[in-house]
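Participant: Following is a predicted model, sequence given first.
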Amino acid sequence: MVREDILQQFPELFGTKNVNGRNVNVEETIATLTRELRPAIAEVLNARRALLESSEPPSPGAPGPFARLSKA
């Protein structure tokens, strides 16, 4: 759900829009993308946090913390 203050500040960005000949409801699209991407975003943030908290340098040639995500 989009915050009420954002809806009020930028009303022209929301509602049903015609995109490439298709009607798209912006709020529904944001909700769907949020549900679908939330686990991947959490995983990336956790990997980043672990990397920032780690005192060990990465091993040469080792895949980075985001290697699994870049293969998509």
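Facilitator: Received the coordinates, thanks.

Participant: how many neighbours does residue 17 have?
Facilitator: For residue 17, the neighbour count with other CB atoms under 10 Å is 13. For the C-beta atoms, the positions are set from N, CA and C on the backbone; glycine is no exception.

Participant: ok, now how distant is residue 10 from residue 53?
Facilitator: Distance of residue 10 to residue 53, computed by CB to CB, to the nearest Å: 36 Å.

Participant: more crowded one of the two?
Facilitator: Per other CB under 10 Å, whichever of residue 10 and residue 53 has more neighbours is residue 10, with 10 against 7.

Participant: and the strand or helix carrying residue 43, what does it pack onto?
Facilitator: Using DSSP states H and E, residue 43 falls within helix 26-53. On a contact count with 3 or more CB pairs under 8 Å, 6 or more residues apart in numbering; DSSP states H and E, helix 26-53 meets helix 67-70.

Participant: if you set the cut-off to 10 Å instead, what comes out?
Facilitator: strand 16-19, helix 67-70 (3 or more CB pairs under 10 Å, 6 or more residues apart in numbering; DSSP states H and E).

Participant: what about it, distance to the chain center?
Facilitator: 5 Å (CA atoms, centre = their mean, to the nearest Å).

Participant: Counting neighbours, show which residues of it come out buried.
Facilitator: Buried residues in helix 26-53, counted by 16 or more other CB atoms under 10 Å: residue 47.

Participant: pLDDT below threshold where in this structure?
Facilitator: Applying pLDDT under 70 to the chain flags residues 58-59, 62-72.
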